[in-house]
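*Asks:* Give me the fold of what follows.
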Amino acid sequence: MKNVLKLSDIESLSNVSEVFSHSQQDYIFSHYFFTDSLRRKVNEVVSVNGLSIIMVIKGRLLLSVNTDKITVDPNSLFILRPNDVLTVADNDAEPVEIYTLFLSTRFLKGINFDVSILQPSRFIGSSRVLHFNRSQKKLLLNYLMLLHNCAISNTGGPNQLGVISRSIGRNLVVSFLYQIAYIREMEMTEDSSRPSLPTQRTRKLNYVHDFLKILEQYYRQERNVAFYADKLCISSKYLSMLVREATGESAATIIDRYVITEAKNMLRYSTDTIQQIAYKLNFPNQSAFGKYFKHMTGQSPTTFRVS
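*Replies:* Model (predicted):
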């Protein structure tokens with residue numbers, strides 16, 4: 001049975017961290033050394049209620065994520081998505097130097113990040129591990145330290161101070177995620193030596209890639225899984241199974257995330273009325289859009305727009 005961790009549960013890392021900070025209930029940054037004694041404390045099956053980015057600087061980390069065995073070598077990172085199931089395997093006696101950034105689900109709902117840039121299918125199986133060179137490591141660590149210093153220095157405050165503080169954190173996190181996406185895109189473009197996947201697995205992943213491509217084209221008009229399955233000439237059930245196997249999430253969840261990200265961008269950065277946004281996203285009326293948006297984010301479109 002897995003233990004689902006919230007951001008508050010992860011705060012115990014402060015006891016073993018060289019550097020530690022948290023920004024309200026938004027994110028936690030930590031730099032620590034993963035030793036054998038620490039491993040014994042976290043040898044249970046866990047799932048984090050948020051997004052986790054784990055950078056390994058020295059040593060080697062052996063993990064099992066969902067059904068995938070993963071080795072995270074020095075100068076690499078991996079992304080643990082919400083609902084991913086993590087088990088830490090027996091690791092070398094050598095301490096592993098790790099930087100982690102945990103983003104709460106609530107915080108993720110409040111940021112504007114184009115998920116099509118960081119496609120789930122690009123971070124599945126062994127591809128979850130992203131390798132970086134010396135200059136990229138320096139850049140990524142600079143982002144993390146900026147977030148750390150932001151959490152320490154900008155403690156929020158009443159009214160406008162709190163809004164500004166959270167906005168700084170949001171934009172730094174978005175920039176950090178885009179930087180990860182940029183490095184992944186470079187790696188995929190330059191690495192022509194990666195072994196081919198077995199034919200059956202390649203075909204399945206091709207369906208997932210094609211689903212995401214079609215989704216990028218139609219998500220403003222279509223939110224029904226059946227529409228995308230029909231485009232791929234497969235059943236909705238089979239598409240949902242393939243997407244969940246590849247990403248750990250349902251097809252419906254990914255569709256909703258695309259729609260909500262676009263809605264957030266339009267609410268925050270366009271001058272369109274809420275009614276106009278509802279129509280552009282193919283909702284029958286403003287009320288239906290408002291109910292959908294509040295169900296997905298916990299806020300009404302009006303509240304989000306002024307936050």
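*Asks:* only C-alpha atoms for contact and neighbour calcs from this point on.
*Replies:* Noted.
*Asks:* how close does Ile73 get to Gly298?
*Replies:* Check again: residue 73 is Asp, not Ile. Using Cα to Cα, to the nearest Å, we find Asp73 at a distance of 38 Å from Gly298.
*Asks:* Quick check on the closest residue to Thr105 other than its chain neighbours: phi, psi?
*Replies:* The spatial neighbour of Thr105 that comes closest, neighbours along the chain excluded (Cα to Cα, 6 or more residues apart in numbering), is Gly50 at 4.6 Å. Backbone torsions for Gly50, taken as degrees, to the nearest 10, come to phi 170, psi -160.
*Asks:* Please tell me I have it right and Gly50 contacts Leu101.
*Replies:* No. Gly50 lies out of contact with Leu101 (Cα atoms under 8 Å); the separation is 10.3 Å.
*Asks:* Can you pull the domain assignment for this structure?
*Replies:* Following automatic domain parsing, the chain resolves into domains at 3-190, 199-306.
*Asks:* Helices of the stretch 151-300 of the chain, start to end?
*Replies:* 160-190, 199-218, 225-232, 236-247, 251-269, 274-280, 286-297 (DSSP state H, counting those that start in this stretch).
*Asks:* out of those, which comes closest to Ser153?
*Replies:* Nearest to Ser153 among those is helix 160-190; the distance by Cα to Cα comes to 9.4 Å.
*Asks:* pLDDT below threshold where in the stretch 201-307 of the chain?
*Replies:* Applying pLDDT under 70 to the stretch 201-307 of the chain picks out residues 201-202.
*Asks:* and Phe29, what are its bridge partners?
*Replies:* Ser21, Leu101 (DSSP bridges).
*Asks:* Quick check: it touching Ser17?
*Replies:* No. Using Cα under 8 Å, Phe29 makes no contact with Ser17, being 9.7 Å away.
*Asks:* neighbour count winner among these two?
*Replies:* Phe29 (24 against 17; other Cα atoms under 10 Å).
*Asks:* how close does that one sit to Ser104?
*Replies:* Counting by Cα to Cα - Phe29 and Ser104 are separated by 12 Å.
*Asks:* can you check Val174 too?
*Replies:* Counting by Cα to Cα - Val174 and Ser104 are separated by 14 Å.
*Asks:* rewinding a little: quick one: which of Asp73 and Gly298 has more around it?
*Replies:* Under the criterion of other Cα under 10 Å, the comparison of Asp73 against Gly298 puts Asp73 first, with 19 against 15.
*Asks:* And the residue lying closest to that one once chain neighbours are set aside, how far from Ala181?
*Replies:* The spatially closest residue to Asp73, leaving aside those adjacent along the chain, is Arg60, at 4.8 Å (Cα to Cα, 6+ apart). Look at Arg60 and Ala181: by Cα to Cα, they are 23 Å apart.
*Asks:* same thing with Ala89?
*Replies:* Counting by Cα to Cα, the gap from Ala89 to Ala181 is 27 Å.
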